[in-house]
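> just coords:
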């Protein structure tokens, strides 16, 4: 099958069969996607049958542990990493905080850390706080018009004292894809660790971490059709240098060292459903060699989103009363579209859109530094419209029709 089957896709998500949601089109996916049936089914069954401590020597406990092990294994396959390199924590913000505490022990006063003003605060503030320990924080700044990061500007920041570079695959506001492999290579050439926030990009295709060449990759499972967990990949050479952030007696357990609160057994077990959904999606659309499945799924998701993204970008970029943030070319960005209306506030537009069956959001979305750099008042914020491969053509039509009404004549 070569044509994308959106009806098959939507049948995998119980939200689309939920009566209370029938009159509404969901355009705040960047804040959290719908969960796929495979995840919901696994979570429900785990709570019914296996809600106990895993890995003990009785059948239910052993099966619970097997479900958790399978989640690590199957998601590691889609991320192209070793199974022991994947860690699950309560959220990406929590994971980045714990990671910063672990990395702090490898850094010394005078060492340099490069951050951007493009990132979500989760991959920003935790590194800036290291200045209190005598580290030198350098900011890789965006272009104030486009919001893009310039690689030549990075070259001027990198040096022999650079120890860490934190940046995003794409911003949750500007949404332009950054060339992670090229950036990571520049950092590696000076011996710097790279931490890449993929929260805004992963819903549009889980990252191929090996191809990126980064030391750490973070994303949120609840934004990629799964349970409310943060996923963090720490490549083995770096992980072996990190200390234990959990209880001292858990030092020998790699999966616990960066999760001080301990794992959420049920949600980790249910996360396997994300991989099972991708398996079903790939098989329904033709399938092929298993080792090429992750790349096929990534391409399938991107290709499915591009027509709707192109239409929305064309519409917004031609309006004189809206400032579109990020590139107008759908090939350069994710399907997360932020804009600044000039005649109405973003907050005013949300209830007006809701009256017309459009679920969207307004605010700064934890990217306060980026909005300030772009000359946008974070308190006023932006209107953000985000969608995924399960969004139908009819819903895109409905969104544009609603925008035409609430924004008024162009």
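Cool, got the structure. All figures in this text were calculated on a predicted structure; none of them were measured in a lab. Residues are numbered from 1 along each chain as shown.
> mind checking how far the longest helix belonging to the chain is from the chain centre?
Taking DSSP state H as the criterion, the chain has its longest helix at helix 293-317. Counting by C-alpha atoms, centre = their mean, to the nearest Å, helix 293-317 is centred 16 Å from the centre of its parent chain.
> tell me what that helix is packed against?
Helices and strands touching helix 293-317, by 3 or more C-beta pairs under 8 Å, 6 or more residues apart in numbering; DSSP states H and E, are helix 59-79, helix 265-284, strand 322-324, strand 336-341, helix 393-407. Quick note: C-beta positions are derived from backbone N, CA and C, even for glycine.
> 10 Å - rerun?
Contact analysis of helix 293-317 by 3 or more C-beta pairs under 10 Å, 6 or more residues apart in numbering; DSSP states H and E lists helix 6-11, helix 59-79, helix 265-284, strand 322-324, strand 336-341, strand 382-386, helix 393-407 as its packing neighbours.
> show me how the chain divides into domains.
Taking automatic domain parsing as the criterion, the chain consists of the domains 6-35+294-407, 42-275.
> number of residues surrounding the spatially closest residue to residue 317 that is not a sequence neighbour?
Closest residue to residue 317 apart from its sequence neighbours, by C-beta to C-beta, 6 or more residues apart in numbering: residue 328 at 4.4 Å. Residue 328 has 14 neighbours, counted by other C-beta atoms under 10 Å.
> quick one: residue 328 from residue 250, how far?
50 Å (C-beta to C-beta, to the nearest Å).
> got it, and residue 407?
For residue 407, the distance to residue 250 - C-beta to C-beta - is 54 Å.
> mind checking which of the two has more residues around it?
Higher neighbour count among residue 407 and residue 250: residue 407, with 21 against 16, using other C-beta under 10 Å.
> who's in contact with the more buried one?
Counting by C-beta atoms under 10 Å, 6 or more residues apart in numbering, residue 407 touches 316, 319, 321-322, 339, 341-344, 349, 352-353, 383.
> can you check which of the domains of the chain gets nearest to residue 283?
Ranking the domains of the chain by distance to residue 283, with C-beta to C-beta as the measure, places domain 6-35+294-407 first at 10.3 Å.
> ends of the closest one, how far apart?
Domain 6-35+294-407 has an end-to-end distance of 29 Å (C-alpha to C-alpha, to the nearest Å).
> try stretch 234-243
13 Å.
> let's have the chain start at 40 instead
That works, and once the first residue is 40, the last one we named lands at stretch 273-282.
> hmm, who's touching it?
Applying C-beta under 10 Å, 6+ apart, the contact partners of stretch 273-282 are 120-121, 123-126, 134, 138, 140-145, 232-234, 248-249, 252-257, 272, 290, 293, 296-297.
> okay, buried residues for that stretch please.
Across stretch 273-282, burial judged by 16 or more other C-beta atoms under 10 Å covers 273-274, 277-278, 281.
> which member of these is positioned nearest residue 349?
Nearest to residue 349 among these, with distances taken as C-beta to C-beta, is residue 274, at 35.4 Å.
> what about the closest one, distance to residue 281?
Note on residue 274: its distance to residue 281, by C-beta to C-beta, is 11 Å.
> residues in contact with residue 229?
By C-beta under 10 Å, 6+ apart, the contact set of residue 229 is 151, 197-202, 204.
> who's residue 201 bridged to?
residue 151 (DSSP bridges).
> I'd like to know how far it sits from residue 157.
When distance is defined by C-beta to C-beta, residue 201 is 18 Å away from residue 157.
> ok, those two, which is more surrounded?
residue 157 (30 against 21).
> wait, isn't the more buried one in contact with residue 192?
No: counting by C-beta atoms under 10 Å, residue 157 sits too far from residue 192 to count as a contact (11.7 Å).
> what residues are shared contacts of these two?
By C-beta under 10 Å, 6+ apart, the residues touching both residue 157 and residue 192 are 179-182.
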